[in-house]
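Enquirer: take this sequence and fold it.
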Amino acid sequence: MENQQDLDQSVTKREFQAHANDFQGLKKDFQEFVSFAVETFATKQDLKEGLFANKEDVRRIVEKSEERILQAWNQVMTGNDAIAKEVKAMRQEQAAHFGSHKRQDEEIVQVKRRLDKVEAHVGLV
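Expert: Numbering: from 1, shown residues only. Got it, this is the predicted structure:
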């Protein structure tokens, strides 16, 4: 403020206007805090009416939460079992497929040996 030296002097309109926007921002922040406080903090009336959970209420909430967690866990484990069965079946199919290829490769080698013998016997080599 220009008149900071003389505290008895009135604030000019220009000085007031310079700080008006700051006051509006503070007003908005304060309104947000009040809304938060009303939603978050208990009032004396809330405490008198007993609107908050006691130990028994908390125990019941925890039990229900545990039940929901166990149900979800069981669903996950059931899904994992199904996936494990699929993976096992795929591995068995792969092993069978590999065995089939191995037999075919061995058969090809035997055919090539016979062919080499025939070519050598006939004199094509």
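
Enquirer: average pLDDT for the helix or strand hosting residue 100?
Expert: Remark: residue 100 resides in helix 55-122, with elements defined by DSSP states H and E. pLDDT averaged over helix 55-122 equals 90, rounded to a whole number.

Enquirer: and it, how far out from the chain's middle?
Expert: Here helix 55-122 shows a centroid-to-chain-centroid distance of 27 Å under the convention Cα atoms, centre = their mean, to the nearest Å.

Enquirer: okay, buried residues for stretch 102-111 please.
Expert: Neighbour counts using 16 or more other Cβ atoms under 10 Å place no residue of stretch 102-111 among the buried ones. Using the backbone N, CA and C atoms, a C-beta is placed for each residue, glycine as well.

Enquirer: and if you look at stretch 114-121?
Expert: Under 16+ other Cβ under 10 Å, stretch 114-121 has no buried positions.

Enquirer: and residue 64, how far is that from residue 71?
Expert: Separation of residue 64 from residue 71 (Cβ to Cβ, to the nearest Å): 11 Å.
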